[in-house]
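# Take a look and give me a structure for this.
(chains A, B, C and D)
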Amino acid sequence: MLLSEVVETSTAVAATRSRLAKRAALARALRSAPPDEVATVVSYLSGSLRQRRTGIGWAAHEVTAPAAATGTLEVADVDAAFERISALSGAGSRDARRDALAALLRQATAVEQDFLWRLVTEELRQGALDGVMLDAVAEAFDVPVPAVRRVAMLLGSTAAAAEVAREGQPAVDAVGLVVGVPVRPMLAGTAPHLTAALAKAAPGGDDVVVDRKLDGIRIQAHRDGDVVQLFTRSLDDITDRLPEAVEVVASLPADRVVLDGEAIVLRPDGRPAPFQVTAARTASRVDVAELRSRAPVATVFFDVLHVDGRDLLEQPLRDRLHELSALVPEAHRVPAVRVSSTQDAQSFFDATIASGHEGVIVKALSSPYDAGRRGSAWVKVKPRHTLDLVVLAAEWGHGRRSGRLSNLHLAARDAADGSCVMLGKTFKGLTDALLTWQTEQLLALEIRRTRSTVFVRPELVVEIAFDGVQTSSRYPGGVALRFARVLRYRDDKTADDADNIETVLALHDAPS
DNA sequence: GTCTTTTTCTCTC
DNA sequence: ATCTGACCGATTCGG
DNA sequence: CCGAATCGGTCAGATGAGAGAAAAAGAC
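Below is the predicted model:
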């Protein structure tokens, strides 16, 4: 299949805002793709290359090449080119990658070059990604959407699901969980407080379990006999980085098992280490033995998807938890309670926060393991902090925010001298109306600008919600806000009324 | 030529 | 990660 | 009973923080 056909489809998809029309256009392209190219076409038309890492990013935009007059590039050639590029490493590999990229771009027309850049940078912006593509696969090959969703979950990608779907429903139905092949993890929705979470997860007052939410990294463990593998939320294999988790899985009284859980570094007193400590530990690939002795990870599980030949994905959580408690000792299970009242849930939440943990996840006991979407069977609740901060600057937005000032630079006050201490940036929580309003206000306060940023007199005060304060080497106060988002502007406050840096530092739990 | 610092990318949340 | 706006199917409302 | 308004579930897109690894660039 020609790349130009894919690009034409993408253009058609981008041209309409209707999801049904996008789906129809995508389905048409999938039907005309040859069998061995379906997976690549699905990948490209949902905004991703097939290669997980290419070593090419924003900096490679320096690379330019004259455009070809006619589109003769085949999808398979593009995939092969990126396969070669992603295999390059060692000294001089950056230039080798850029040369290979330039060679590819020379074969592409101007519109194809643009499409390839958007693929490489993961910014296709055609209004359809994996979710719409999944519907399109179902339409193209006349298979029910839930069946396609199920296969995409089991095989870990919609591209792999499409290869099966094109063979028809019997092939789709024959797919089961394979121990060793990571499953897309089930995700949780969010709620502002417990009452809302309970209403969302158990609308009819159904039974729920409340899990402690640990601030570590998600781990999916597969064991087939002596072979244990660990995967992250994005299905990266990190088996070699967490030997202590491997040992836990290897010690379980089952031969073949798939578990879902969390790895987290705990302090000697059992309280959680700051997230940065767990993140650094789980990201390190060298000297794992040494790191293990300094920052051992605790491994705890909260779900089980397979035990000795039995797939449990479609079983209700109630039954899966029964299997989990029979298989995994309590020390390696996430603390959880079954609650019959909001008060019980609240006291578990309060105790969880008091012990230093992140929050809770409310789960409907009747729900199957439904991966890939952020449904309402699991709902997370975390406490929220707020501060009134001064706006120091704002950056021009991109895409649907272009022409408006979007990303705000935020600062607390230093009471000693009235100066401002920057704590981070945020673009979240802004409505279109606020975006327009703040652009006008900030331009009136402008003192200087760079290409991307407008700096202003520090007079506007904005109320910011955030999850916590973390150690920072980038910002002058040595701390930064985690997940900052705008709640509202404080027209009633001046910069002198904004919160002080001391207030922020008091919330900081320094790593030990 | 070797060691240190900076940049870029990829990953977690 | 969080958040807003948009799309769409289902349910409720107005006449 | 039919079309319009409203609601709830999802999706896309805009862009945050830090840390490690690898390669490039700088210092001498």
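
# neighbours around A:Asp496, how many?
Counted with other CB atoms under 10 Å, residues neighbouring A:Asp496 total 11. All C-beta spots, glycine's among them, are computed from the backbone N, C-alpha and C.

# Dihedrals phi and psi, it?
Dihedral pair for A:Asp496: phi -60, psi -20, per degrees, to the nearest 10.

# Residue numbers of the stretch 151-300 of chain A in contact with DNA strand C?
A:Leu187, A:Thr190, A:Arg218, A:Arg233 (CB under 7 Å from any atom of the strand).

# Could you export these as TSV, including neighbour count?
As requested, those are exported to TSV (neighbours: other CB atoms under 10 Å):
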residue	neighbour count
A:Leu187	16
A:Thr190	14
A:Arg218	14
A:Arg233	13
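
# From the residues you listed, which land in strands?
A:Thr190, A:Arg218 (DSSP state E).

# Where does pLDDT dip in chain A?
Along chain A, segments meeting pLDDT under 70 span A:372-374, A:510-512.

# need the residues of it near DNA strand B, please.
So chain A meets DNA strand B at A:52-60, A:215-218, A:232-234, A:236, A:275, A:279, A:282-283 (CB under 7 Å from any atom of the strand).

# Return only those of these found close to DNA strand D.
Near DNA strand D, by the rule CB under 7 Å from any atom of the strand, you find A:Ala279, A:Ala283 out of the residues of chain A next to DNA strand B.

# Among the residues of chain A next to DNA strand B, which ones are in strands?
Within these, residues falling in strands by DSSP E are A:Ile217, A:Arg218.

# What subset of the residues of chain A next to DNA strand B is buried?
Among the residues of chain A next to DNA strand B, those scoring as buried are A:Thr54, A:Gly55, A:Ile56, A:Ala60, A:Asp215, A:Gly216, A:Ile217, A:Thr232, A:Phe275, A:Thr282 (criterion: 16 or more other CB atoms under 10 Å).

# Quickly name whichever of the residues you listed is closest to A:Ala415.
A:Phe275 (28.7 Å; CB to CB).

# That closest one and A:Ala197, how far apart?
Per CB to CB, to the nearest Å, A:Phe275 is found 22 Å from A:Ala197.

# swap in A:Val6?
Applying CB to CB to A:Val6 and A:Ala197 gives a distance of 42 Å.

# Then A:Ser325?
23 Å.

# okay, those two: which has more neighbours?
Neighbours per residue, other CB under 10 Å: of A:Ser325 and A:Ala197, the larger number sits with A:Ala197, 29 against 12.

# what about that one, distance to DNA strand D?
12 Å (CB to the nearest atom of the strand, to the nearest Å).

# For the residue of chain A found nearest DNA strand D, list the residues it contacts.
Closest contact between chain A and DNA strand D, by CB to the nearest atom of the strand, is at A:Gly399 (1.5 Å). The neighbours of A:Gly399, taking CB atoms under 8 Å, 6 or more residues apart in numbering as the test, are A:Arg125.

# where's A:Ile264, which helix or strand?
A:Ile264 belongs to strand A:256-265 when assigned by DSSP states H and E.

# same for that strand, what does it pack against?
Packing partners of strand A:256-265 (3 or more CB pairs under 8 Å, 6 or more residues apart in numbering; DSSP states H and E): strand A:217-224, helix A:243-250, helix A:275-283, strand A:297-307.

# now with 10 Å?
Other elements packing on strand A:256-265 under the criterion 3 or more CB pairs under 10 Å, 6 or more residues apart in numbering; DSSP states H and E are strand A:208-213, strand A:217-224, strand A:227-231, helix A:243-250, helix A:275-283, strand A:297-307, helix A:317-327.

# Are that strand and DNA strand D in contact anywhere?
No. Counting by CB under 7 Å from any atom of the strand, DNA strand D is not contacted by strand A:256-265; separation bottoms out at 11.6 Å.

# now the angle from that strand to helix A:275-283?
Counting by axes from the mean of the first three to the mean of the last three CA atoms, to 10 degrees, strand A:256-265 lies at 140 degrees to helix A:275-283.

# Paired strands for strand A:256-265, with orientation please.
Sheet pairing of strand A:256-265 (DSSP bridges) gives strand A:217-224 (antiparallel), strand A:297-307 (antiparallel).

# Just the buried positions in the shortest one, please.
Right, the one you point to is strand A:217-224. In strand A:217-224, counting by 16+ other CB under 10 Å, buried: A:Ile217, A:Ile219, A:Gln220, A:Ala221, A:His222, A:Arg223.

# Would you confirm that the first one contacts A:Ala279?
Okay, so that is A:Ile217. Yes. The criterion here is CB atoms under 10 Å, and A:Ile217 meets it with A:Ala279 at 6.9 Å.

# For stretch A:174-184, buried residues please.
A:Val175, A:Leu177, A:Val179, A:Pro182, A:Val183, A:Arg184.

# and A:Asp79, what are its phi and psi?
According to degrees, to the nearest 10, A:Asp79 has phi -60, psi -40.

# residue contacts, it?
If you count contacts by CB atoms under 10 Å, 6 or more residues apart in numbering, A:Asp79 has them with A:Leu3, A:Glu37, A:Ala39, A:Thr40, A:Val41, A:Ser43, A:Tyr44, A:Leu49, A:Arg50, A:Gln51.
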